[in-house]
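*Asks:* Dropping a prediction and its sequence here:
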Number of protein chains: 2
Amino acid sequence: MATRQDFDLDPRARDVLREIVMQHIASGEPIGSRTLSKCGKFQLSPASLRNVMADLEELGFLTQPHTSAGRVPTDRGYRFFINHLMKSRPLSSREQQAIDEGVSVGSEIDDVLHHASALLSKLSDQVGLVFMPTLMQFAVRSMDFIAVAESRIMVVIVGANGVVVNKIIETRFLFTRDELEKISRYITGEFAGLTLDAIRRRLIRLTEQERAQHDEMLQKTISLGIDAVNAPYEHDLYVEGASSILNKPEYADAASLRKTFLALQEKEKLVELLETCLAEEGLQILIGAESDFTQINNFSIVARRYGSTSAPLGMVGIIGPMRMEYARMAPLVDYLSRALSRKIEEEEHTNG
Amino acid sequence: MATRQDFDLDPRARDVLREIVMQHIASGEPIGSRTLSKCGKFQLSPASLRNVMADLEELGFLTQPHTSAGRVPTDRGYRFFINHLMKSRPLSSREQQAIDEGVSVGSEIDDVLHHASALLSKLSDQVGLVFMPTLMQFAVRSMDFIAVAESRIMVVIVGANGVVVNKIIETRFLFTRDELEKISRYITGEFAGLTLDAIRRRLIRLTEQERAQHDEMLQKTISLGIDAVNAPYEHDLYVEGASSILNKPEYADAASLRKTFLALQEKEKLVELLETCLAEEGLQILIGAESDFTQINNFSIVARRYGSTSAPLGMVGIIGPMRMEYARMAPLVDYLSRALSRKIEEEEHTNG
DNA sequence: TTTGGCACTCTCTCCGCTTGAGTGCTAAAC
DNA sequence: GTTTAGCACTCAAGCGGAGAGAGTGCCAAA
């Protein structure tokens, strides 16, 4: 029904809605009929515009903060604007260059992602998000073990996509340097190309063999391998530039600032949200109440998947007040995610 | 001269100063003679107290925000309070328990420190700081190399104090798994117990030998070793609980909030500050303009060194508005730093 | 030396007023 | 049948003055 109505809007109403959203994004103030009439794009008097605006309000695209104020777009107004009215403003070549350069700094993926998140925050003047989920679902290229202390071993896993994770685990057995080298070789040789999940299943199957053979070395290998795949490999979420919200007029008062900061600190919710977005291809825009998270403080999120097409790696995007320049944010996030993906595919290619 | 004057304060002036500082810390408001008279600790009329307060103001311990307001302690007033008047309030057993438990979670040092910083922030309701400098000056226990991609190697260094750092470096040569194992053994065997700096010097000396012998394997070893010791191992600085300053009345307005957040984001300054503090043993309190950093926003820092006595590891502390409960913060930071040190010595012992 | 009294200063808050932007409705004009 | 002008109405925000309240310094008396 909503979509049906969407297209029923006559051209004039569309123009008016577009103009109101754009002006409100630019100024942050409610837009009145007089301002709209004087902007030059309509040959109509304030009175006529008032009629159109009243219709748009009835349809749920606009709302008034109070009786004698101008109109402000609703979530639904923004949604319609983004879907049907927005003319996205392409990036300047300087911005493209900044992104290209920013992404090609270094080759360590953690650094690149961290950098990307800071860059995004700077270019957008919003809070930059870069999310890299656990590598559970990705294939493993190698797995090495290093003694850190008697019963503590560092596991270093290199994914087929070039991602490196490491983790220190406590072990039940003590291992010599020789043993660790052997185990590293064995596990990498035996299980390369499989996902962590698959490796776990195989290791568990191996347990039976070991029971039959009473092979001590095999027992230690299995034990270490299982500990390694079961270790909690956290997802990384870079939230950069939180101070940018201090500029936004909608968060001028201390109370809403506080709420907003605390909300941004609750990373679990964000992670959850980004994880669901990971399923979708293409640019995603979540407005206000469309997600549980953004509901709290009238946030919007513009995000897109990155990584090779065969194996998406994570999400990159921005989060900011509902009133943001979608026309600029959309190409920005889009371009950055593509640049990141390209970079990752390159790395994968040169090092695979 | 300052210290001379400090001790010249007569007992009554000391009592008045103490009471003013304490009340101001509790309320955040300027303290007037009337309030002070009514608090019950003095058998004096407001007029008499006014005389004492005028003296204290002349000596530079107090100041007035404006003519008809009460008095507020100056930096100097706080300093005198902390040095001579403060009765530090010992931790409750619940707090002690919280710290003991918080510190003993996990054994990975990064996790412990991160946890400690969050815990400190929670218990103090200030911003928690935990600083771990680069391990340049510490002895190395082992050094391992793992292939991540053709020309990218992960270096894992375990310090004698149990700290583990890892870093991915780009290399000039290509290495096989065998070679990396050999090099790891060689370098660990040859250089364990030395600092990174010493290792670098020895490696450079080895270069001459290699030139004479034209030993390819030695050449590769030296090259990799030098790349490894030269890699930039960043210091870690955990700044936790920045949102706690949102509660503080002194940062109620958006402008000073903004300044404060941006100041906290400039970690280099903080690192510099903490690095100089690292030289001193015992609890350190920096008030307001006493440090370049805190000058900006009337910050104070309460911090203490942690790590084994033989090898101090870093600094742990809190940063907050000048008007903070030093009497509580001091024992808190002190206890946490001792708990951390104990934990680290334990780990070192069980794993050394 | 302490205290009460007094004049003075300065901030903060409340109140009422005005201004201005904006609306909806109605009736006339195109 | 639109479009527009006019009008009455509403509400937020800004301004200024009055008054309260907290605090001071100084002086003279206890």
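*Replies:* All right, it came through fine. Predicted model, so just to flag it, every value in this text is computed and none were measured. Numbering: from 1, shown residues only, chains lettered A, B, ... in the order given.
*Asks:* Strands along chain A, start to end?
*Replies:* Assigned by DSSP state E, chain A shows strands spanning A:62-63, A:72-73, A:127-132, A:140-149, A:152-159, A:164-170, A:236-240, A:284-287, A:299-307, A:312-321.
*Asks:* how about JSON lines for these, with distance to residue B:246, mean pLDDT and mean neighbour count added?
*Replies:* For the C-beta atoms, the positions are set from N, CA and C on the backbone; glycine is no exception. Below are the strands of chain A laid out as JSON lines (distance: least, C-beta to C-beta, whole Å; pLDDT from 0 to 100; neighbours: other C-beta atoms under 10 Å in any protein chain shown):
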{"stretch": "strand A:62-63", "distance to residue B:246": "29", "mean pLDDT": "96", "mean neighbour count": "21"}
{"stretch": "strand A:72-73", "distance to residue B:246": "27", "mean pLDDT": "96", "mean neighbour count": "22"}
{"stretch": "strand A:127-132", "distance to residue B:246": "16", "mean pLDDT": "95", "mean neighbour count": "26"}
{"stretch": "strand A:140-149", "distance to residue B:246": "39", "mean pLDDT": "92", "mean neighbour count": "23"}
{"stretch": "strand A:152-159", "distance to residue B:246": "38", "mean pLDDT": "93", "mean neighbour count": "23"}
{"stretch": "strand A:164-170", "distance to residue B:246": "34", "mean pLDDT": "90", "mean neighbour count": "18"}
{"stretch": "strand A:236-240", "distance to residue B:246": "17", "mean pLDDT": "92", "mean neighbour count": "19"}
{"stretch": "strand A:284-287", "distance to residue B:246": "26", "mean pLDDT": "95", "mean neighbour count": "20"}
{"stretch": "strand A:299-307", "distance to residue B:246": "18", "mean pLDDT": "94", "mean neighbour count": "25"}
{"stretch": "strand A:312-321", "distance to residue B:246": "18", "mean pLDDT": "93", "mean neighbour count": "26"}
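*Asks:* okay, those in TSV with distance to DNA strand D next?
*Replies:* Formatted as TSV, the strands of chain A follow (distance: least, C-beta to the nearest atom of the strand, whole Å):
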stretch	distance to DNA strand D
strand A:62-63	14
strand A:72-73	13
strand A:127-132	26
strand A:140-149	58
strand A:152-159	53
strand A:164-170	51
strand A:236-240	31
strand A:284-287	25
strand A:299-307	22
strand A:312-321	18
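*Asks:* and DNA strand C, which of these is closest to it?
*Replies:* Comparison of the strands of chain A against DNA strand C by C-beta to the nearest atom of the strand identifies strand A:62-63 as nearest, at 8.9 Å.
*Asks:* With distance to residue B:84 as new columns, can the strands of chain A be given to me in JSON lines?
*Replies:* JSON lines is the format used below for those (distance: least, C-beta to C-beta, whole Å):
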{"stretch": "strand A:62-63", "distance to residue B:84": "61"}
{"stretch": "strand A:72-73", "distance to residue B:84": "58"}
{"stretch": "strand A:127-132", "distance to residue B:84": "46"}
{"stretch": "strand A:140-149", "distance to residue B:84": "46"}
{"stretch": "strand A:152-159", "distance to residue B:84": "47"}
{"stretch": "strand A:164-170", "distance to residue B:84": "47"}
{"stretch": "strand A:236-240", "distance to residue B:84": "44"}
{"stretch": "strand A:284-287", "distance to residue B:84": "58"}
{"stretch": "strand A:299-307", "distance to residue B:84": "50"}
{"stretch": "strand A:312-321", "distance to residue B:84": "50"}
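*Asks:* so which of those strands comes closest to chain B?
*Replies:* Nearest of the strands of chain A to chain B, taken as C-beta to the nearest C-beta: strand A:140-149 at 3.2 Å.
*Asks:* and that closest one, C-alpha only, in CSV?
*Replies:* Extracted C-alpha coordinates of strand A:140-149, given in CSV (Å, rounded to 0.1, in the frame of the first residue of the first chain):
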residue,chain,number,x,y,z
VAL,A,140,41.8,-21.0,6.2
ARG,A,141,45.1,-20.8,4.3
SER,A,142,47.5,-21.6,7.1
MET,A,143,47.5,-22.0,10.9
ASP,A,144,50.6,-21.6,13.0
PHE,A,145,51.4,-22.1,16.7
ILE,A,146,54.0,-20.2,18.7
ALA,A,147,55.0,-20.8,22.3
VAL,A,148,54.4,-17.7,24.4
ALA,A,149,54.8,-19.3,27.8
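*Asks:* Determine if any part of that strand is in contact with chain B.
*Replies:* Yes: judged by C-beta under 8 Å from any C-beta of the partner chain, strand A:140-149 comes into contact with chain B at A:142, A:144, A:146, A:147, A:148, A:149.
*Asks:* follow-up on the earlier one: among the strands of chain A, which comes closest to residue B:214?
*Replies:* Smallest distance to residue B:214 across these (C-beta to C-beta): 31.1 Å, for strand A:140-149.
*Asks:* what angle sits between the closest one and strand A:164-170?
*Replies:* Computed with axes from the mean of the first three to the mean of the last three C-alpha atoms, to 10 degrees, the direction of strand A:140-149 lies at 40 degrees from that of strand A:164-170.
*Asks:* Any idea how far strand A:140-149 is from the middle of the chain?
*Replies:* 29 Å (C-alpha atoms, centre = their mean, to the nearest Å).
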